[in-house]
Every structure is written in C-alpha cells, then in structure tokens.
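> Sequence first, predicted model second:
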Amino acid sequence: MARLDEKDPLIPIRPRSALVDVGNKALNTQLMMQHGMRVPRSWAIPFWLGDLYFQDRSSALKVLDKGLRRLKTSNAVYAVRSSAEREDESKRSFAGQFLSVMNVPGEELGKAVEKVWLSLKDPALKGYSLAPVRMGVLVQEMVRPEVSGVSFSCDPLSGRRVAVVEAVKGEGSRLVQDGITPWRYEVTADQVKLSGGDELDSKVLKQVVQTTFRLRRRMGKDLDLEWVYDGERLHWVQMRDLTGLSSLDRYTNSFSKEFLPGMIKPLVWSVNVPINSKAWVRLLGELTGGRGLSAERLAKSFYYRAYFNMGEFAKVWEAMGLPDDLLERMVLMRGGGMKMRPTPELMIATWRFVPFLWSKRRWFQEVDGVIERLRNEHRWRSSEDLGRLSDAELMERAETLLISAEESAYYTVLCIMSSSMATRIWQKYLAKKGLDWQTLSLCTEGEGGFPESRLLELKRLMDAAGAEDAMTSDTTSAKEFQLAFERFLDDFGHYSESGNDFSVPSWRDDPDLVLEIVRKMDGKARQEVERAGGALLGGLQRREAKFRSYRERMGSTYTRHYSMFRNYFLEAGEKLRARGMLANRYRVFMLELPELKAALTGTVGDWDGLAERRAREMSEFADIDLPPVIFGEVPPPVHNEPLKVLEGTPSSGGYYRGRARVVRGLADMRRLVRGEVLVIPYSDVGWTPFFHLAGAVVSESGGMLSHSSIIAREYGIPAVVSVQGAMRLEDGMLLEIDGYRGRVLVVERSGLL
C-alpha cells in the first residue's frame, strides 16, 4: 500500500486523467471534457482522504494542506462541491443532500473541503438505506457569470423530448438561495422555441440546446447540466443523470381539435376512435416496420372530449431519430419546420421508407380506386330497407361497415399526410423565392371539395324562380332549381357540422338549413389566384393543389361512407324505443357500441337511465375549459375564470373590431348578421358557406390547414384558431381580432344583444 506522502490528494481532472474512487461528480466532469465541452479547471480529492479524515482528522488536514498549496497562491476563487459515493446516479442523485461551498478564496479551501466532508454525517441521511459512506470532493475554478443556468435534455415532468432551459442573471445559486424566478425556455432539437421570451441571448440559448442534445445522443440517456456564460463564452460546470423522470402518458388535444373536435357522444367514440387509431397503427407500421404501437392507447376521452396520446407517437419518431412532435408539425402545420439530421436511426428508417414509397408509386390511381369502391358500397347500403332487417342483421351491417371504414380511414389519413407534406414543400420553395404561399395556393373546388360554386349556382336559379316558392312552384325555372337542389344534396348532402360525428343531422336530413344557406349566398366569390408561370413553379403549384384536392375528395368519400352508421344506429335506436328500452331513438348515441349490442340481445339493464345520465353529464361539462395537455389517466379538475384576452394560432392576417356571434351548430348560423365576428367551436366543410357574412372568425379548434383557416384566407378576413376558451365568449361582446398575432381581445362586455 502506498504511503500517504506518495498519494496525490489533489488530482487534476483532464480528459485522460486516471481517476479512481473520486465519485460521480468528478467522473462526470471528466466526461464533459472528453466530449469537447469547455469546463473550468477542476481537481478531484479522492475518497481515501475523506476516509482518513474520519479516522485521523489532524493527519488528513496536513495532507490536504500540502495538496492545496498550488491553489492557495492563486488569485482565483473556487467552487468546492461534494462528489460522494453513489451521488448523481441515475436512480437517485442525492441532490442538495451534501454541501457545496461557492466563491472560496484559495486560503479558505481547506475549511471548505472540511465542511463538505462533514456533510456526509448529516443526520438527515440516516433515513437513506443506500446513503453514501465515502466522500470525495470536486474543486473547480469559478467563472465570473453574466448568466447562469441549467438545461435538461427532456421535460423532467413529462419526459417530452424538448430541451428545458432555465437561467438567471449572475450566479446559479440565486435560484435556490434568493428564490429568483428563472427565465424558462422549451426548445426542440431542431431549435424551435416552444415557450419563453427573449431575455437570454438567442445564440447562447442555441448553443446550450445544441450541446444538451448532442451530449444526450452520445451518452444515450437523459441528462441534467449546469452552465455559466461569462459574456463571451459558455462554460459547463456539472452534469448528472436526470432522475425521477415521469412515465405518465402525455395526452394532447392539439391533434384531436382538428380531426375529432367538440364533445363526442359515447357511441360515436366507440366507433370512430378504434377506426382511426387502427388506421394510424397500420400506416406507422408500414412506415417503420412495426414499433409496437397500441391502437387502444392512442386516444382517451376526458369529459367527453378526445385527447391523443402523443407519447405513443413519440416512441415511433424518437426511435427513427425524428422530433417527437413530428405528427403535429406535419399535419397541423405547426412549429418551424423539420430539420432532419442524418442520424444512424434516421438513415435506417429512410431505407424502410423505400418499399412503402414504391408501393404508393401509383398513388392517385390507388385513391381513385378506393373512392370508387366505397361509393359503390355506399350505393347498395343506402338503397337497403333497414326496417326489414332483424337485430342480428342490422348489427352485422354495422360490423361490416366498421371493416370497410377502417380502410376508408387509412386512406383518409394517408391523403392528409401526403397533402401536408406537399404543402410543406410548396411553402419552403416559395419562402426561398420570397413569395407568399397563401396568395399562390389554388382553390380546391368541384367534386368532394368546397361547395360554394354549386351554392352560388343554386342562388342564381332560386332568384330566377322566385325565392319564396322555388321549392313548391311548378314553373319551369322552379323545376330547374328543384332538380339542381336534389343533385346538390346527392353530392353534398352527407355534409354536416362535423364529418366525424354521425349523431348530428346531415344536410340531407335538414334541407331547410341548406335552403337558408342558399338564400344567404350573395354572390361574393372566393378569391382565386392566378396560375403561376414557369414550368417548375407552375408544376409545383398544380401538384400541391392536386394533393389538397385528393385530400378533400377522400375526406368527402370517408364522410359519405361513415354517415351510414347514423342510419344503422338510428334504426337500432328505434327498435329499442319500440320495446320501451329508450325514451327516443336519438338516445342510442349515448350508449357505447358493446352496450347497444347487449341491449339488442335482451340483456337486462336501465339503458335509458344510463343514456339520460350521460346526456346530463355532457350538458354539465359543455362549457368547461380544459388544458391542452393532460398527463396521466386522471381527468384534471375544471374551473371557470373571467376572460379578457384570449390567444390562439393566427391563421389569416388582418385586424377587425365587431360584435361576437357565438355559433355552436349549423342551426345557429341563421342568427349570423353580416359583419359580426363568427365564434365557432370548430369548422367543417358544412360551415364554410356562411363565412362570407363574417367580419372575422374565431375558432376554438383548427390549424393552418383547417377549413376555417383556408376559407378565411381566401375571403380575406382575419381568423384566429385554436383559441382556448373561445366558446365561453357571449353574443354581443365587442371583440378586437388580431389575425397576425393570434389575439382576441374582449373590449366591451356590456353590449350584449
């Protein structure tokens, strides 16, 4: 055994230093150096000297004093930190359990080291069965800080793959000692800042985020890092494993607000969610070769509203080296785009894309074939007399419709994804050319698209026939209108206020509503853009418009096909009403599909009482304000607070001041007066003919490619979407709309109509 005078009590930490029994904090300091990070000069005091201190204090202090001589004569000040056995491990960090002494002058180093050693004997550690029994010490030159902070390679609360950065002016110790509220930022791996202001220099923030993610990739685990910025350079002072990460699922409504908005009745949920979840699982399985994605875990209902488990999607993206919010960026057009670095995971994943892309080389022809098959199926289903079917036959029809609806949903999802990708490419190309994509995007009219041109034609025919008796007169012009009106219902009668909710009446179910729409059409046409010149620009313009057109065609076909569920289930509801099991046939939508099957087979139960109780709950929860993200399975408590300023996503530029008209369904549209601010929970194609009356649009749901956004841009009116709490606004409130910043200001509450 080496004698004390032969052992080095103060080991300089360098990338190639031989460090033994010095504790994780010292070892992690060396790791940072090995990865090329700028680290202040550091030294390690090994365990053996701490052991000696508790055996022979006098001898240990003499050895320590000798080792510290080289530092005592320096003008520097030091940080003296614990580097105990088991400290900063992945399962437990013992953070804050041991002493760290800051701003120590050279002549005071011995006293500071002794204080750190003594913290090993703190009585508070007796409760830890695995408490450290040996103490090393890390001595580090202090950097005079302009800004200090910490960074996490993921959100410590949710595990979300974003860098969380917190910073304060001066020393980082102010966070704890003075209770200073730090600046806080959330930034993605490709430098999209999700939250936070501009207090910290953007170059410093970018460097912190880049280094944090780079080190995580190299280490293969999540990390917690401490850094200091001296006004010129960034220094890294500590690194530890990130402990206590939450494994809670992360549910968000950002995706469901676009595709499954509003409150969802139980029967609609038990049909729609499995259909669409299986479509996503199939698509992602084909793209990635299968990643164990669970259809049952993709969505959950909170207070009758849909939330998607984005943590499940994130598992797929992260395994491929892609951002965990890739789906939201692509489909909802959010974030700052995708900067995909050629990581090994991404290169492997790219090769898996090849067979998938090859299978879709005749994409438009494939979709045309699917649309034709689904239309043929709809024709024979809609021609069948459901009243002659037995209970078993009726449910058999619904079961087979479920199977074909899964295929319909799969191709609808594919069309949405491909259209979003085409629009992304189009946007990026135009941005490089300094052109505005909104002014160069062709409208998608015609079959399966927006019905405005057909409605304008109906308006012309109605005026020619006489608006009052156009549906009843037998004049030539009236018959021409009636024939055109019937053709319109054949093409667009499956539209409703929500294409994903078969519990609401369609346009064909409520032709008076369509007539009201026609009467209010005033000839104001959507703003079509000129076709771009040049082979490349014009080709990209037409290609992007074609993808959007197929998205609308496939979406319309899906809605038409899916609408048959309404016919089947209303017939089932009528059977239960006739047997005295439901008060009316519409209460069938308050039962889940297995419950409906059980009721039809004669299973005893208070089915009407169950339906009535759920209807009361939906009414009770109609106006609650839920957070955009929910962690775990427990629904959050809800509360109502006064509103003054609402914020959302700006989707059509402009400013407007006007009175609010809150519309919860298409029937409410009759109350809309020209120039009012149209406030809606969501929008579907069926809503858009009324937009020409609105001065501005505020939607509780939606994104840049939602119907409300597209139509608002084409009509040149401001729009703000994804406005949380919008439906708590009241008719007659005076609102100011900022379509550039996404702000809705309540200017006056007293002017209620």
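Thanks, I have the structure now.

> Tell me how far the helix or strand where A464 lies lies from the chain's centre.
Secondary-structure assignment from DSSP states H and E places A464 in helix 452-465. With CA atoms, centre = their mean, to the nearest Å as the basis, helix 452-465 stands 41 Å off its chain's centre.

> Using CSV, write out every CA atom in that helix.
What follows is helix 452-465, C-alpha atoms only, in CSV (Å, rounded to 0.1, in the frame of the first residue of the first chain):
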residue,chain,number,x,y,z
GLU,A,452,-69.5,27.3,-52.7
SER,A,453,-69.7,27.4,-56.5
ARG,A,454,-72.6,25.0,-56.6
LEU,A,455,-74.4,27.0,-53.9
LEU,A,456,-73.9,30.2,-55.9
GLU,A,457,-75.4,28.5,-58.9
LEU,A,458,-78.4,27.4,-56.7
LYS,A,459,-78.7,31.0,-55.6
ARG,A,460,-78.9,32.2,-59.2
LEU,A,461,-81.6,29.6,-60.0
MET,A,462,-83.5,30.4,-56.8
ASP,A,463,-83.6,34.1,-57.7
ALA,A,464,-84.8,33.2,-61.2
ALA,A,465,-87.6,31.0,-59.8
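
> so what does that helix touch, helix or strand wise?
helix 476-492, helix 511-520 (3 or more CB pairs under 8 Å, 6 or more residues apart in numbering; DSSP states H and E). For glycine as for every other residue, the C-beta is placed from the backbone atoms N, C-alpha and C.

> average pLDDT across the first one?
When pLDDT is averaged along helix 476-492, the result is 91.

> Just the angle for the helix holding A464 relative to helix 511-520, thanks.
Counting by axes from the mean of the first three to the mean of the last three CA atoms, to 10 degrees, helix 452-465 points 80 degrees away from the direction of helix 511-520.

> Show me what counts as buried in helix 452-465.
By 16 or more other CB atoms under 10 Å, the buried positions in helix 452-465 come out as E452, R454, L455, L456, L458, K459, L461, M462, D463, A465.

> Just the mean pLDDT for stretch 578-596, thanks.
Per-residue scores along stretch 578-596 average to 96.

> cool, stretch 702-713 as well?
Rounded mean pLDDT across stretch 702-713 is 71.

> quick check, nearest of the buried residues of helix 452-465 to G369?
Relative to G369, the closest of those is R454; by CB to CB it sits at 25.6 Å.

> pretty sure that closest one is touching F492, no?
Yes - counting by CB atoms under 8 Å, R454 does reach F492; the two are 7.1 Å apart.

> Show me how this protein divides into domains.
4-141, 147-241, 252-291+303-438+552-613, 449-528, 645-748 (automatic domain parsing).

> ok so D509 is a strand residue?
No - counting by DSSP: H, G, I helix; E, B strand; the rest coil, D509 is not part of a strand but coil.

> Burial check on V367, number of neighbours?
21 (other CB atoms under 10 Å).

> let's have the chain start at 37 instead
With the count now opening at 37, the last piece we talked about shows up as V403.

> Where does pLDDT dip in the stretch 687-789 of the chain?
Low-confidence segments of the stretch 687-789 of the chain (pLDDT under 70): 721, 739-742, 786-789.

> Neighbours of A315, how many?
Using other CB under 10 Å: A315 sits among 21 other residues.

> doesn't it fall inside a helix?
Yes - counting by three-state DSSP, A315 is found in a helix.

> Next one: G694 from V734, what distance?
11 Å (CB to CB, to the nearest Å).

> higher neighbour count, the two?
Per other CB under 10 Å, whichever of G694 and V734 has more neighbours is V734, with 27 against 19.

> any idea which helix or strand carries that one?
strand 732-735.

> which strands and helices sit next to that strand?
By 3+ CB pairs under 8 Å, 6+ apart, strand 732-735 packs against strand 691-698, strand 713-716, helix 743-751, strand 755-757, strand 770-774.

> What is the burial count for R584?
R584 has 24 nearby residues by other CB under 10 Å.

> and it, that one's in a helix?
Yes - under three-state DSSP, R584 falls within a helix.

> Nearest residue to Q227 in space, ignoring adjacent ones along the chain?
K242 (6.0 Å; CB to CB, 6 or more residues apart in numbering).

> And for R74?
Closest to R74 by CB to CB, 6+ apart is H271, at 5.3 Å.

> doesn't M457 make contact with R584?
No - R584 lies out of contact with M457 (CB under 8 Å); the separation is 11.5 Å.

> for N603, what are its contacts?
If you count contacts by CB atoms under 8 Å, 6 or more residues apart in numbering, N603 has them with S418, L422.

> again but with M590, I slipped
V403, V406, I407, Y447, T448, C451, G484.

> hmm, back to that, let me have the buried residues of helix 488-501 in JSON lines, extended by distance to M299.
Listed next are the buried residues of helix 488-501 as JSON lines, based on distance: CB to CB, whole Å:
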{"residue": "E488", "distance to M299": "28"}
{"residue": "R490", "distance to M299": "31"}
{"residue": "L491", "distance to M299": "28"}
{"residue": "L492", "distance to M299": "33"}
{"residue": "L494", "distance to M299": "32"}
{"residue": "K495", "distance to M299": "33"}
{"residue": "L497", "distance to M299": "38"}
{"residue": "M498", "distance to M299": "35"}
{"residue": "D499", "distance to M299": "39"}
{"residue": "A501", "distance to M299": "40"}
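
> who touches the host helix or strand of E150?
Using DSSP H and E, the element containing E150 is helix 145-154. Defining contact as CB under 8 Å, 6+ apart, one finds that helix 145-154 is touched by 81, 86, 89-90, 97, 100-101, 104, 107-108, 114, 116-118, 134-137, 140, 171, 173, 175.

> are any of these buried, and which?
Looks like the contacts of helix 145-154 have 81, 86, 89, 97, 100, 104, 107, 114, 116-118, 134-137, 140, 171, 173, 175 buried, using 16+ other CB under 10 Å.

> Okay, and which of the residues you listed map to helices?
G86, Y89, L97, L100, L104, L107 (DSSP state H).

> contacting residues around the nearest residue to the second one once chain neighbours are set aside?
When you say that, I think you mean Y89. Once flanking residues are discounted, Y89 sits nearest to A96: 3.8 Å by CB to CB, 6+ apart. Neighbour list for A96: L85, G86, L88, Y89 [criterion: CB under 8 Å, 6+ apart].

> Name the nearest of those relative to L549.
For these, the nearest to L549 is G86 (81.4 Å; CB to CB).

> any idea of the pLDDT on that closest one?
89.

> hang on, the earlier thing: take the ones in helices among the buried ones among the contacts of helix 145-154 and write them to CSV, including distance to L63.
As requested, these are arranged in CSV below (distance: CB to CB, whole Å):
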residue, distance to L63
G86, 16
Y89, 21
L97, 25
L100, 21
L104, 21
L107, 21
